[in-house]
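K.L.:
Just to be clear, the model below is a prediction. Sequence and coordinates:
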Amino acid sequence: MALVGTLLLLAEVATAVKTVNEGLQEEIALPNTPWKVTDWFVWETIKECNGWRIQQNTFTRHCRLVDPDDWRRAWGTKNGMMAVWKELEDKM
């Protein structure tokens, strides 16, 4: 009986992981409050231009758009930040 419960739990975890991975592929930009940021070791810059940069958190894999004065201007999924970047790039 314990084995059946464990297998059911593993199936639920696998489904949850799949759902999260699918969500990370969407273009999501979340509501933002500008926030002064620091470049801690958990942030990796994946795109940069004219002081603007997209950074990805090495643990959670979410991203943020940071302006030249180190203020977070947007955050969300990588695809979401790439979409925001494209809009910004057209204005740069």
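P.N.:
Received, thanks.
K.L.:
Glu12 should be in a helix, yeah?
P.N.:
Yes - the assignment for Glu12 by DSSP: H, G, I helix; E, B strand; the rest coil puts it in a helix.
K.L.:
any idea how far Thr60 is from it?
P.N.:
According to C-beta to C-beta, to the nearest Å, Glu12 and Thr60 sit 21 Å apart. Heads up, the C-betas are built off the backbone N, CA and C, glycines and all.
K.L.:
list the contacts for the residue nearest the centre of the chain?
P.N.:
For the chain, the residue nearest the mean C-alpha position is His62 (1.9 Å; C-alpha atoms, centre = their mean). By C-beta atoms under 8 Å, 6 or more residues apart in numbering, the contact list for His62 reads 56, 75-78.
K.L.:
Which member of those is positioned nearest Glu87?
P.N.:
Nearest to Glu87 among those: Gly76, at 13.3 Å, using C-beta to C-beta.
K.L.:
I'd say the closest one and Cys63 touch.
P.N.:
Yes - assessed by C-beta atoms under 8 Å, Gly76 is found in contact with Cys63 at 6.7 Å.
K.L.:
that older thread, so how far is Glu12 from the residue nearest to the centre of the chain?
P.N.:
With C-beta to C-beta as the criterion, His62 and Glu12 are 23 Å apart.
K.L.:
ok, Met69 to Trp52 distance?
P.N.:
Quick fix: residue 69 reads Asp, not Met. For Asp69, the distance to Trp52 - C-beta to C-beta - is 10 Å.
K.L.:
More neighbours: the two, which one.
P.N.:
Higher neighbour count among Asp69 and Trp52: Trp52, with 16 against 10, using other C-beta atoms under 10 Å.
K.L.:
Can you show me the helices along this structure?
P.N.:
Ranges of helices in the chain, per DSSP state H, are 2-24, 78-91.
K.L.:
Could I get the average pLDDT for the last one?
P.N.:
What that stands for is helix 78-91. On average, the pLDDT along helix 78-91 is 89.
K.L.:
Let me see the contact set for Val84.
P.N.:
Val84 neighbours (C-beta under 8 Å, 6+ apart): 29, 65, 74, 76.
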